[in-house]
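A.B. asks: need a structure here:
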Amino acid sequence: DLEATREAKDSTYAGIVRLVEAAQASKAPMARLADRWSLGFLAVTVAIAFAAWWFTGDPIRAVAVLVVATPCPLILAVPVALVAGLSRAAHFGVLVKGAKPLEAMARIRTLILDKTGTLTDGRPQIVSIDSHDGMGADDILRYAAALDQASKHPVAQAIVAAARDRGLTLPIPEDVAEIPGEGVIGFIDGRQVIVGGDGFVAERVGRLSGDHPELAAGSVMVAVAFDGRLAGHLVMSDPLREGAAEMLASLRRQGVARILLATGDRAEVAARVTEGLGLDGIRAGLTPDEKVLLVLTEHKNGPVMMVGDGVNDAPALAAADVGVAMGARGAAASAEAADVVLLVDRVDRIAPGIEIARRSRRIALESVVAGIGLSVLGMIAAAFGYLTPVQGALLQEAIDVAVILNALRALRISPAGLTAPQTRFEGIPA
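C.D. replies: Sure thing, here's the model as predicted:
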């Protein structure tokens, strides 16, 4: 039996949706190169054409100047380079939702990472089960898993999966109450069971927390109590993702000045997991709206990228200049709110994605500068009578072809440390 005590609009999910909408509405659109430079180019063209006619009295020279003038480096070369960059990023499993996010990726100065499922693998494994009152390890796991069926926390789901792998039968819990990020309380077969962090359980059974061996980096301690007495601990390991340290070092080399961790977990757990990574800061115990506030606060240091995978990360992803979602196993809400989705379950694709974005933007700028420069030189030559209108038209077409071919070089970008045959994402064409 399910009893609804609040309306749907008051649910946590509905609140997160509202946060996402508010964050998306407040994001200012990027000014494109064509918008900034097109009026200036037009003014230069008219000035040169008018000067050629005024000083020579030959209207043919003015016509030749107008014919040579080509805004195609602005109109075509920039989008061609950026779209080529989108295709190249997808080749490596990085799906960028349009040219604007790709441009923003090229300017990122601050990176904010979620922990569970993003910086760590997100699939904790039970390392050991310590009993404190003589109860068998399987019994401790069975009761903990039975209660954790009511929780969607990654650690709780990992405990449930471990119990099912051992073939344990899990009864349905009753009168369950979950304190988000802390633990779960309920009844199994008439017995009160408490599962959660060591401090959370210790406070409810009247004992001091910390009575357990020192944990290794990346490990999590889950305490289990029955009827007001501590029964034991589940020691779980959720290590850093493979290549996380190398990815952060690569991002530093690419100019990312600040790298922060934003997590809903306790500070001591976050500090143990990230020890030695050289992060610029750890923000622990954050709610979804506090993550949004962190993103907005970091805007003062430059464009911000937020990386996450859960529903609670969606508002922060929407608030960031570039939101990146772990699309392989992450929540649909985070993928919907994000500007970039990692199609492969590897966080080390962020650095190649940023590198592709920066090199694509640089190629676009090269095409613009070279194309506009050649156009200006052609207009000057036409003004001095060295080009007829027909010759100017042919030169204009040659400049257009040259800058577009240059822009297509973005299709051949190869991020450092990656080769296409080893990293090709299935389903994405080369």
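
A.B. asks: Quick check: chain neighbours aside, which residue is closest to G228?
C.D. replies: Using C-beta to C-beta, 6 or more residues apart in numbering and skipping residues adjacent in sequence, the residue nearest G228 is V205, 5.5 Å away. Bear in mind the C-beta positions are built from the backbone N, C-alpha and C, glycine included.

A.B. asks: Do I have it right that that neighbour meets A225?
C.D. replies: Yes - if you go by C-beta atoms under 8 Å, V205 and A225 touch, sitting 4.9 Å apart.

A.B. asks: now the chain, which segments are flagged as low pLDDT?
C.D. replies: For the chain, the stretches flagged by pLDDT under 70 are 12-13, 15-36, 122, 180-181, 208-219, 310, 327-334, 417-430.

A.B. asks: contacting residues for the residue nearest to the spatial centre of it?
C.D. replies: When C-alpha atoms, centre = their mean is applied to the chain, the residue found nearest the centroid is V324 (1.7 Å). The contact partners of V324, taken as C-beta atoms under 8 Å, 6 or more residues apart in numbering, are 305-308, 317, 338-342, 350, 353.

A.B. asks: What are the buried residues along the strand or helix carrying A351?
C.D. replies: Using DSSP states H and E, A351 falls within helix 350-383. Buried residues in helix 350-383, counted by 16 or more other C-beta atoms under 10 Å: 350-361, 363-364, 366-368, 370-372, 374-376, 378-379, 381-383.

A.B. asks: One more: stretch 266-285?
C.D. replies: 266, 269-270, 272-274, 277, 279, 282-284.

A.B. asks: for those residues, which one is nearest P59?
C.D. replies: L279 (66.2 Å; C-beta to C-beta).

A.B. asks: G117 versus the closest one, what's the distance?
C.D. replies: 17 Å (C-beta to C-beta, to the nearest Å).

A.B. asks: Which neighbours do V205 and A225 have in common?
C.D. replies: Residues within reach of V205 and of A225 at once, by C-beta under 8 Å, 6+ apart, are I194.

A.B. asks: With neighbour numbers in mind, choose between the two.
C.D. replies: A225 (26 against 15; other C-beta atoms under 10 Å).

A.B. asks: Now do the phi/psi pair for the nearest residue to D133 once chain neighbours are set aside.
C.D. replies: In this structure, D133 finds its nearest non-sequential neighbour in A231, 5.7 Å apart by C-beta to C-beta, 6+ apart. Phi and psi for A231, reported as degrees, to the nearest 10, are phi -100, psi -30.

A.B. asks: quick one: A231 and R207 touch, right?
C.D. replies: No - with contacts counted by C-beta under 8 Å, A231 stays clear of R207, the gap being 11.9 Å.

A.B. asks: neighbour-wise, which of those two wins?
C.D. replies: Neighbours were counted for A231 and for R207 using other C-beta under 10 Å; A231 has more, 24 against 16.

A.B. asks: Contacts only, for the more buried one.
C.D. replies: Counting by C-beta under 8 Å, 6+ apart, A231 touches 131-133, 135, 140, 143, 224-225.

A.B. asks: Quickly note the distance from it to F384.
C.D. replies: Relative to F384, and taking C-beta to C-beta, A231 is found at 92 Å.

A.B. asks: Now do the strands in the stretch 51-200 of the chain.
C.D. replies: 94-96, 110-113, 125-131, 174-179, 183-188, 191-197 (DSSP state E, counting those that start in this stretch).

A.B. asks: Buried residues, stretch 62-77. List them.
C.D. replies: 62-74, 76-77.

A.B. asks: nearest to D289, of these?
C.D. replies: The closest of the buried residues of stretch 62-77 to D289 turns out to be L74 (C-beta to C-beta; 40.7 Å).

A.B. asks: Nice, that's everything, thank you.
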